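S.K.: Structure of the sequence below:
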Amino acid sequence: MRSVVSAMRVRVTGLVQGVGFRPFVHRLAARHRLAGWVRNESGEVEIEIEGGTSDLTEFLRSLHREAPPRARIERVETAPCEATGAGAFSILASVTQTNRRQPVAPDAAMCAACELELFDPANRRYRYPFITCTDCGPRFTIIDALPYDRERTSMRAFQQCALCLREYKDPRDRRYHSETNGCSSCGPRLWFEHRDDREAVAGAERALEVTAELLRGGRIVALRGLGGFHLAVDATDEAAVRRLRQRKHREAKPLAVMVRTLAEAAALADISAGAERALAGPERPIVLLPRHRESRLAESVAPGLDTVGVVLAYTPLHHLLLDLVGRPLVMTSGNRSDEPIATGNLEARHRLGDIADGFLLHDREILARYDDSVVRLTDSGPIVLRRARGSAPLPLGLPVATPVPLLAVGPHLKNTFALAQGDRAYVSQHIGDLEGLETLAHFNDTLDRLGRLFSVVPEAVARDLHPGYLSTRLADGLGVERIIPVQHHHAHVAAVMAEHGWTAPVLGIAYDGTGYGDDGCVWGAEVLAADLTGYRRLAHLRYAPMPGGDLAARTPWRAAAGFLSTEPSVGAAFRLAFAGVDPRERAVAERQATAGLNAPKASSMGRLFDAAAAVLGVRRWSDYEGQAAMELEALAGRRVAREHRCEITGGGPGPWVLDPMPLLAELGERRQAGEDAGDLAADFHASIAWATAEIAGQACEATGLRTVALGGGVFQNARLLVSIRERLEQKGLRVLQPVRLGPNDGAISYGQAAVAAAVLTRERGA
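M.R.: Residues are numbered from 1 along each chain as shown. Predicted coordinates:
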């Protein structure tokens, strides 16, 4: 050791726990011949280091340049300190401090080094289903408390054997201070159970072999993964996929397919360079890709669509199973439709017992329920459809810091919630639709867990305007005095603004299915002049009654009937919308629309897409939310389209109104005249894009705004998003779109938090 020249204390904040940061610091110090120590503290990593001045300088440079791949350094603070004459560098025990918060590392896919060991017969972890290291494996799903150490995770149930402990204590080893370290001798362990026979098939290899035999035979297996159970079946077996749908009560909603390698993915779908990066990244989301029609996939995997959701194996268990089966597997969430994913072995046996033919189980407890993330690639960048495993709950910045701890309870459907403190918002993983006791329990359990992990005790709550939502009742029942209602579409726009750190006014375009409006009507196609504290409605879709209320969202012919009631003279053009509909049921719906009985007025872009699908004869009944719109987009594909200029009225002191009836009538007449449905679907998309850009241009000219924010679930439609963006940019407008969160309701809680933080700050005069 050189003579000590100087010493310093270093504090590193950001995502620096659970990512191998302390072992990295230890290796760095050894390389630069420095002494001292490193330890986790609540919210940061603390380092004391001493040695030659130039070595210290190089150490700090390397700290930034060479940080572990999953680390995200937000800030490094240094201060001189007294040298102690230490002769070595060590990792000290973690220190817990109250009221300190930090990011929690998400689970990471198995790294390349572990994959090599997994399939190396000479390695002692050969074919061990839970192989991990400091660079990969479970994190958020096993963490019980912070700082991140083994005794505060579900791995505390497994005492490391002598060989594992030797690795854990060896600074030269990749598993040095790897809190998830284990092997076949010390666990976790894997076994298999048949549905009708609880006697376990012991031993990981035999359990995997039995599972593979069942899958190759067309059977359904529930397997315990990182954040819960999956239901797996052979994705090339049409009868097996149909059986899974029948038992799971998931009639048509697309199913994800898992493969081992990029080459196997390329046999199923078109893989661009961007898709390759998304598929193979450590987050390993499900990626929606253009489907090869000649692929071996069963048609029932994604009926009626031109895309398929593909995910690469992200755990050693997945790799081993796929290696044995030799076929792509449907890998869908282990639940019945509309229920949370099952996590515990007993829970799975109870809830999935009449779906699965067998269970592949393990004994590493799951502490956080965690679905797979889903993304879609477009010509204007990726769209997040569901933010969960691999991404949540990494914090997002708030452009205006909240002056008090804050909870935003989110929407009714596709719920997430957000906890905010200062300039950070912690958006939960996907919770689901708040329509059942199981999902409500999931919400409450996750809120309690994240509140403890991040030390946030809310003093204010943000919620939706809708008085009947369960999320509204949850907010009102928390006993927090300050409650801030936030309009649904304002939250959509605010979420996009906040992601981009934007506080100046924007023109917000929010297209979705349903949101409670200021006038008590259903909004869903809104153009707003907005900042974070408020908005003014500048334009919207023409109101139309929705006969049957929520039922209209599941029956496109009802949406068509609602629009037709505003202009009955074009009824002949809507003939295909009602083919096969019971005349008596149609008559009731028409009376509801005319009289306004259980037929709320809606300016909903989602319902307009439903109506267009019905008018073109594409779909009159939907098996899942958004099905009609997704099939309409799939039909349009990449066809060249002709735009039809929708009628735009109003402006001046009142809002502009987009009237879609001339467009719907023309499309219906052309379809009945024999024109191709795909060409007409493309024309519909182009026409809506033209009308949107036209209204936006007029609104920006009237207000002086030059930045447009796009939000709302309809912007999950890649063709529409890209077309609108291109047209807006051609007008010289700056366009903001969601990046780390999706355009759908999963971003609402973040938008609510951004609005509430800005409102509270304004109230305090800050």
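S.K.: For the helix or strand of the chain with the lowest mean pLDDT, output the C-alpha coordinates as CSV.
M.R.: One helix or strand of the chain scores below all others by mean pLDDT, DSSP states H and E: strand 197-201, with a mean of 83. Output in CSV follows, covering the C-alpha atoms of strand 197-201 (Å, rounded to 0.1, in the frame of the first residue of the first chain):
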residue,chain,number,x,y,z
ASP,A,197,-52.1,-36.2,-6.9
ARG,A,198,-50.4,-34.0,-4.4
GLU,A,199,-47.4,-36.4,-4.1
ALA,A,200,-44.4,-34.4,-5.2
VAL,A,201,-42.0,-35.3,-8.0
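S.K.: Give the helix, strand or coil label for residue 438.
M.R.: Following DSSP: H, G, I helix; E, B strand; the rest coil, the label given to residue 438 is helix.
S.K.: tell me which strands and helices the least confident helix or strand of the chain is in contact with?
M.R.: The contact analysis (3 or more C-beta pairs under 8 Å, 6 or more residues apart in numbering; DSSP states H and E) places strand 197-201 against strand 190-194. Every residue, glycine included, has its C-beta placed from N, CA and C.
S.K.: Give me the buried stretch members for the lengthiest helix in the chain, please.
M.R.: Scanning the chain for the helix with the most residues, using DSSP state H, yields helix 677-703. If you call a residue buried by 16 or more other C-beta atoms under 10 Å, then helix 677-703 has these buried ones: 677-700.
S.K.: re the thing from before, quick one: residues in contact with the least confident helix or strand of the chain.
M.R.: 191-193, 207, 210 (C-beta atoms under 8 Å, 6 or more residues apart in numbering).
S.K.: May I see those residues arranged in TSV, with neighbour count as well?
M.R.: Formatted as TSV, these follow (neighbours: other C-beta atoms under 10 Å):
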residue	neighbour count
191	18
192	23
193	21
207	25
210	19
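S.K.: Nearest to residue 471 among these?
M.R.: Nearest to residue 471 among the contacts of strand 197-201, counting by C-beta to C-beta, is residue 193 at 37.7 Å.
S.K.: on that earlier part again, just checking: what are the partner strands of the least confident helix or strand of the chain?
M.R.: strand 190-194 (antiparallel) (DSSP bridges).
S.K.: Could I get the average pLDDT for the partner strand?
M.R.: Here strand 190-194 scores 96 as its mean pLDDT.
S.K.: Let me know the pLDDT of the closest residue to residue 394 other than its chain neighbours.
M.R.: In space, residue 394 comes closest to residue 103 once its chain neighbours are excluded; the distance is 5.7 Å by C-beta to C-beta, 6 or more residues apart in numbering. Listed pLDDT for residue 103 reads 79.
S.K.: I'd assumed residue 72 was in contact with residue 103.
M.R.: Yes: if you go by C-beta atoms under 8 Å, residue 103 and residue 72 touch, sitting 7.2 Å apart.
S.K.: Please give me every residue in contact with the residue nearest to residue 727 when sequence neighbours are not counted.
M.R.: Closest residue in space to residue 727, ignoring its immediate chain neighbours: residue 693 at 3.6 Å, by C-beta to C-beta, 6+ apart. By C-beta under 8 Å, 6+ apart, residue 693 lies in contact with 724, 727-728, 730-731.
S.K.: could you pull out the helices for the stretch 601-750 of the chain?
M.R.: For the stretch 601-750 of the chain, applying DSSP state H, counting those that start in this stretch gives helices covering 605-615, 627-636, 661-672, 677-703, 718-730, 748-763.
S.K.: what do you get for the stretch 201-350 of the chain?
M.R.: 204-216, 238-248, 262-266, 273-280, 316-325, 345-351.
S.K.: can the helices of the stretch 601-750 of the chain go into TSV with extra columns for mean pLDDT and distance to residue 278?
M.R.: Output for those, formatted as TSV (pLDDT from 0 to 100; distance: least, C-beta to C-beta, whole Å):
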stretch	mean pLDDT	distance to residue 278
helix 605-615	98	26
helix 627-636	97	20
helix 661-672	97	35
helix 677-703	97	24
helix 718-730	97	14
helix 748-763	98	21
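S.K.: possible to save the ones you listed as a markdown table with distance to residue 387?
M.R.: Formatted as a markdown table, the helices of the stretch 601-750 of the chain follow (distance: least, C-beta to C-beta, whole Å):
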| stretch | distance to residue 387 |
| --- | --- |
| helix 605-615 | 21 |
| helix 627-636 | 20 |
| helix 661-672 | 34 |
| helix 677-703 | 26 |
| helix 718-730 | 17 |
| helix 748-763 | 10 |
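S.K.: Could you point out the longest strand of this protein?
M.R.: Ranked by residue count and defined by DSSP state E, the top strand of the chain is strand 396-408.
S.K.: So which bits of the very next helix or strand once past that strand are buried?
M.R.: Counting by DSSP states H and E, the next helix or strand C-terminal to strand 396-408 is strand 418-427. If you call a residue buried by 16+ other C-beta under 10 Å, then strand 418-427 has these buried ones: 418-421, 424-427.
S.K.: Which one of those is nearest to residue 49?
M.R.: Nearest to residue 49 among those, with distances taken as C-beta to C-beta, is residue 424, at 27.8 Å.
S.K.: and the gap between that closest one and residue 454?
M.R.: Distance, residue 424 to residue 454, by C-beta to C-beta, to the nearest Å: 9 Å.
S.K.: How about residue 570?
M.R.: Noted for residue 570: a distance of 55 Å to residue 454, by C-beta to C-beta.
S.K.: doesn't residue 607 make contact with residue 552?
M.R.: Yes: the criterion here is C-beta under 8 Å, and residue 552 meets it with residue 607 at 6.5 Å.
S.K.: Now the common contact residues for the two.
M.R.: Residues touching both residue 552 and residue 607 (C-beta under 8 Å, 6+ apart) are 546, 559, 562.
S.K.: Now do the contacts for the closest residue to the first one other than its chain neighbours.
M.R.: Nearest residue to residue 546, sequence neighbours excluded (C-beta to C-beta, 6+ apart): residue 552, at 3.9 Å. For residue 552, the contact set (C-beta under 8 Å, 6+ apart) comprises 546, 558-559, 562, 607, 610.
S.K.: quick one: which of those residues is nearest residue 159?
M.R.: For the contacts of residue 552, the nearest to residue 159 is residue 610 (57.2 Å; C-beta to C-beta).
S.K.: how much space between residue 682 and residue 183?
M.R.: Counting by C-beta to C-beta, the separation of residue 682 from residue 183 is 56 Å.
S.K.: where along the stretch 351-500 of the chain do the helices fall?
M.R.: Ranges of helices in the stretch 351-500 of the chain, per DSSP H, counting those that start in this stretch, are 437-454, 470-476, 488-499.
S.K.: Let me have those helices in CSV, adding distance to residue 528 and mean neighbour count as columns.
M.R.: CSV is the format used below for these (distance: least, C-beta to C-beta, whole Å; neighbours: other C-beta atoms under 10 Å):
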stretch, distance to residue 528, mean neighbour count
helix 437-454, 28, 17
helix 470-476, 21, 19
helix 488-499, 6, 29
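S.K.: Tell me the helices and strands packed up against the helix or strand encompassing residue 586.
M.R.: Element membership for residue 586 (DSSP H and E) is helix 583-595. Under the contact definition 3+ C-beta pairs under 8 Å, 6+ apart, helix 583-595 sits against helix 556-564.
S.K.: Now the helix it packs on: buried residues?
M.R.: 556-564.
S.K.: just stretch 722-733 next, same as before
M.R.: Neighbour-count burial for stretch 722-733, counted by 16+ other C-beta under 10 Å, picks out 722-725, 727-728, 733.
S.K.: distance between that stretch and the chain's centre?
M.R.: Averaging C-alpha positions (C-alpha atoms, centre = their mean, to the nearest Å) puts stretch 722-733 26 Å from its chain's average.
S.K.: Next: stretch 329-345.
M.R.: 16 Å.
S.K.: end-to-end on it?
M.R.: 22 Å (C-alpha to C-alpha, to the nearest Å).
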